[in-house]
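Visitor: Predicted structure and sequence below. I'll ask about it afterward.
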Amino acid sequence: MPSPLPLARHYYEIRREVLAACGTQITPWYRLTADERAVAVTEAEIVLEAVRRANEEHAALLDVAAHKPAVDTPV
């Protein structure tokens, strides 16, 4: 997984591009204040944690499915 800072920068810039396409302009990454960058990095950490949890859940479900006994069909 990427580290939070590059993820924050890419996520922020993609968000800025999408908003610009909709007519809303926001400050470019390189002009953010230290506090604004800290917020963006925190958001990236939240996204990374969400992905980690989703991956754990997916792995657990695959494990359950792999160990599920076959259902006997009536004869």
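Guide: Looks like it arrived, so ask away.

Visitor: packing partners for the biggest helix by length in the chain?
Guide: Ranked by residue count, the top helix of the chain under DSSP state H comes out as helix 34-66. Here helix 34-66 touches helix 4-21, going by 3 or more CB pairs under 8 Å, 6 or more residues apart in numbering; DSSP states H and E. Every residue, glycine included, has its C-beta placed from N, CA and C.

Visitor: Low-confidence stretches in the protein?
Guide: 70-75 (pLDDT under 70).

Visitor: what sits against the residue positioned nearest the centre of it?
Guide: Central residue of the chain (CA atoms, centre = their mean): residue 47, 3.5 Å from the mean position. Residue 47 is in contact with 7, 11, counting by CB atoms under 8 Å, 6 or more residues apart in numbering.

Visitor: mind checking how far it is from residue 57?
Guide: Distance, residue 47 to residue 57, using CB to CB, to the nearest Å: 16 Å.

Visitor: Ok, residue 50 next?
Guide: Distance of residue 50 to residue 57, computed by CB to CB: 11 Å.

Visitor: Next, count neighbours for the closest residue to residue 1 other than its chain neighbours.
Guide: Leaving aside its chain neighbours, residue 1 sits nearest to residue 48 (5.9 Å; criterion: CB to CB, 6 or more residues apart in numbering). Other residues lying near residue 48 total 16 when counted by other CB atoms under 10 Å.

Visitor: surely residue 48 meets residue 4?
Guide: Yes - if you go by CB atoms under 8 Å, residue 48 and residue 4 touch, sitting 6.4 Å apart.

Visitor: Would you mark the buried spots in the longest helix of the chain?
Guide: Within helix 34-66, the residues that count as buried by 16 or more other CB atoms under 10 Å are 37, 40, 41, 43, 44, 47, 48.
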